[in-house]
Structures are given as structure tokens and as C-alpha cells.
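Chemist: let's see this in three dimensions:
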Amino acid sequence: MFGLSSQETDYQREVVERLHLPFQMLSDPAHSLAQELCLPTFETSGLTLYKRLTLIIRDGVVEHVFYPIFPPHMSTPTRS
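Modeler: Numbers count the residues shown, from 1 in each chain. This next block holds a predicted model:
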């Protein structure tokens, strides 16, 4: 399991240590993966960031995408 972020590697290292994350973070400040896979992003304070999503990848193939991912304190909306 990996996390992906558009922030620089030094920032990600600090986040992993501060939050005691049980996984490594991958850095993509050029948004290469976003462009290749058409991943959703948003802009804030002059930064382009990835939206929350989960990719299940096996043997280099994206098998499933979970999107959107809601913050833990929010319930998932029901579908009609």
C-alpha cells in the first residue's frame, strides 16, 4: 500500500513521521499520474492537489477505483 501526493518528498516524509502512517508516500509534484490516468485534482492556495481516491492495482493493471472517498466523519450518500 502506498499513498500518493503532489507535494514534495520532504513534506511527505514529515507527514508520514508526524501522523505515524503505516505506509510510504509517493511524490508526484509534476502530476504525471494524474495526467496519464485522468485522476481527479483540485486547486487551493495556488496548489494542485489530488482528490481522495483508492486504486486497486494488481500486476500493473487498475482493477478497481473507489471514488469519491468521504472523510471518516461523513456518511456515504445513498444512491437512488
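Chemist: neighbouring contacts of stretch 27-47?
Modeler: If you take Cβ atoms under 8 Å, 6 or more residues apart in numbering as the criterion, stretch 27-47 is touched by 4-9, 12, 48-51, 53, 62, 67. (Each C-beta comes from the backbone N, C-alpha and C, glycine too.)
Chemist: which of these fall in strands?
Modeler: 4-5, 48-50, 62 (DSSP state E).
Chemist: pretty sure residue 33 sits in a helix.
Modeler: Yes. Checked against DSSP: H, G, I helix; E, B strand; the rest coil, residue 33 lies within a helix.
Chemist: what's the local residue count around it?
Modeler: Other residues within reach of residue 33, judged by other Cβ atoms under 10 Å, total 15.
Chemist: how about residue 12?
Modeler: 19.
Chemist: now residue 23
Modeler: Residues near residue 23, counting by other Cβ under 10 Å: 9.
Chemist: please look at it and residue 1 and confirm they touch.
Modeler: Yes. When contacts are counted by Cβ atoms under 8 Å, residue 23 is listed as touching residue 1 (4.6 Å).
Chemist: name the element residue 26 belongs to?
Modeler: Using DSSP states H and E, residue 26 maps to strand 24-27.
Chemist: could you tell me the end-to-end distance of stretch 45-55?
Modeler: 26 Å (Cα to Cα, to the nearest Å).
Chemist: going forward can the numbers begin at 302, since that is how I track them
Modeler: Fine by me, first position is 302 from now on; the one you just mentioned is stretch 346-356.
Chemist: check which residues of the lengthiest helix in the chain are buried.
Modeler: Identified as the longest helix of the chain according to DSSP state H is helix 310-320. For helix 310-320, the neighbour count (16 or more other Cβ atoms under 10 Å) marks residue 313 as buried.
Chemist: flag the shaky bits of this protein, pLDDT-wise.
Modeler: Across the chain, residues meeting the criterion (pLDDT under 70) sit at 376-381.
Chemist: by neighbours, which of the ones in strands among the contacts of stretch 328-348 wins?
Modeler: So for those (other Cβ under 10 Å), the most neighbours sit at residue 351, 18 neighbours.
Chemist: so what's that one up against?
Modeler: Per Cβ under 8 Å, 6+ apart, neighbours of residue 351: 305-307, 329, 335, 340-342.
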